[in-house]
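**Student:** Sharing a sequence plus its predicted fold:
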Amino acid sequence: MTTRVAIVGGTGKLGGIIRDVVAAESGFEVSAVLSSSSPLSELAGADLVVDASTPAVSIDVVRAAIEQGTSVLVGTSGWSAERIALIRPLADAAGVGAVFIPNFSLGSVLGSALAAAAAPFFPSIEIVEAHRETKIDSPSGTAVRTAELIAAAREAVGPVESPHVDQRARGQQVASVPIHSLRRPGVVARQETILSGAGESLTIAHDTVDPALAYAPGIRLALRAARDAQGVVVGLDSLIDIGIGRAAATPAPQSPVDEGGVPGQVARTTGA
């Protein structure tokens, strides 16, 4: 049986990559390609909705898919643990899946897992992420996910040490981890997690060079998982066993928060 896939944001860069993967994947077909401004009524008839829209639109796409009883795969950035918590009861009540993938790259997922595994051993941790100047949100969804995994891994030892976080130049804190976002031409995507302790530091870096090649395996994996998913699933690391501190690095579900009418991502900010 062929799964009909509606792609929101299918006219964008990530959406185009997803569209090509779906078209080439056995058992799937593209039934509709929507822009981020298309009426969501065009989702009708799809067996699976894939969201590659914008942070401001994504919440409406996810809710529309769930309301019509369709599982949804979300590749749009801007979904923190608190924001995902808003969707969890909706997906559970509807009996559908909502799969959130902050980054489709296996290398990126491994980098985040390595950072979480090392996190309990270093008191100071900061993230520097860079994307092309056309990326409209910051911090990136990958950086937010990495910070949340770090916080979960450090539950027994407490938040990271982040001096002078009252100064704006110190970045945005997510789960006590300062994140610094660069938006500039000449880069696709790069993230560095810098862990520091007495007399030493460890830097875990990941570069995306060719998005189509880097993302395609993860997209195929996520498509198959989303087709059969029940409830909320977060991250490629939830779909495969990467063998790196999986239990310790899984953030616990967070309580929903009021976004205050401001679209985009909500980042949990704590002092350290």
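**Tutor:** Happy to help now that I have it. Numbers count the residues shown, from 1 in each chain.
**Student:** three-state assignment of Val50?
**Tutor:** Secondary structure state of Val50, per DSSP: H, G, I helix; E, B strand; the rest coil, is strand.
**Student:** ok, it touching Gly12?
**Tutor:** No. Between Val50 and Gly12 there is no contact under C-beta atoms under 8 Å: 11.9 Å. (Glycine included, C-beta is placed from N, CA and C.)
**Student:** So between the two, which is more surrounded?
**Tutor:** Using other C-beta atoms under 10 Å, the more surrounded residue of Val50 and Gly12 is Val50, with 33 against 19.
**Student:** In contact with that one: list those residues for me.
**Tutor:** Val50 makes contact with 5-8, 10, 18, 22, 72-73, 75, 223, 226, according to C-beta atoms under 8 Å, 6 or more residues apart in numbering.
**Student:** same question, Leu90
**Tutor:** With contact set as C-beta under 8 Å, 6+ apart, Leu90 has these partners: 63, 66, 98.
**Student:** My read is that the second one contacts Val96, right?
**Tutor:** Yes. Applying C-beta under 8 Å, one finds Ile66 in contact with Val96, separated by 5.8 Å.
**Student:** anything in contact with each of the two?
**Tutor:** Val72.
**Student:** which SS state does the residue nearest to the spatial centre of the chain fall under?
**Tutor:** By C-alpha atoms, centre = their mean, the chain has its centre lying nearest to Pro102, at 1.7 Å. Recorded secondary structure, Pro102: coil (three-state DSSP).
**Student:** if we can go back for a sec, for the contacts of Leu90, pick the one with the most neighbours.
**Tutor:** Neighbour count (other C-beta under 10 Å) singles out Ala98 as the most crowded of the contacts of Leu90, with 29 neighbours.
**Student:** Identify the residue nearest that residue in space, chain neighbours excluded?
**Tutor:** Leaving aside its chain neighbours, Ala98 sits nearest to Ala91 (4.3 Å; criterion: C-beta to C-beta, 6 or more residues apart in numbering).
**Student:** From Ser108, how far out is the one you found?
**Tutor:** 25 Å (C-beta to C-beta, to the nearest Å).
**Student:** do Pro211 as well
**Tutor:** Pro211 is 11 Å from Ser108, by C-beta to C-beta.
**Student:** likewise Gly10?
**Tutor:** 22 Å.
**Student:** contacting residues around whichever strand or helix holds Ile66?
**Tutor:** According to DSSP states H and E, Ile66 maps onto helix 55-67. The contact list for helix 55-67 (C-beta under 8 Å, 6+ apart) reads 8-9, 36-37, 40, 43, 49, 51, 53, 71-72, 74, 76-79, 83, 86-87, 90-91, 94, 96, 98, 136-137, 263-265.
**Student:** are any of those residues buried, and which?
**Tutor:** Buried members of these, scored by 16 or more other C-beta atoms under 10 Å, are 8-9, 36, 40, 43, 49, 51, 53, 71-72, 74, 76-79, 83, 86-87, 91, 94, 96, 98, 137, 264-265.
**Student:** Read off the pLDDT value for the residue sitting furthest away from the middle of the chain.
**Tutor:** Centroid-distance maximum for the chain: Gly199 at 33.0 Å, with C-alpha atoms, centre = their mean. You'll see Gly199 listed with a pLDDT of 98.
**Student:** one step back: just put the contacts of Leu90 in JSON lines and tack on distance to Glu161.
**Tutor:** Formatted as JSON lines, the contacts of Leu90 follow (distance: C-beta to C-beta, whole Å):
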{"residue": "Arg63", "distance to Glu161": "39"}
{"residue": "Ile66", "distance to Glu161": "40"}
{"residue": "Ala98", "distance to Glu161": "35"}
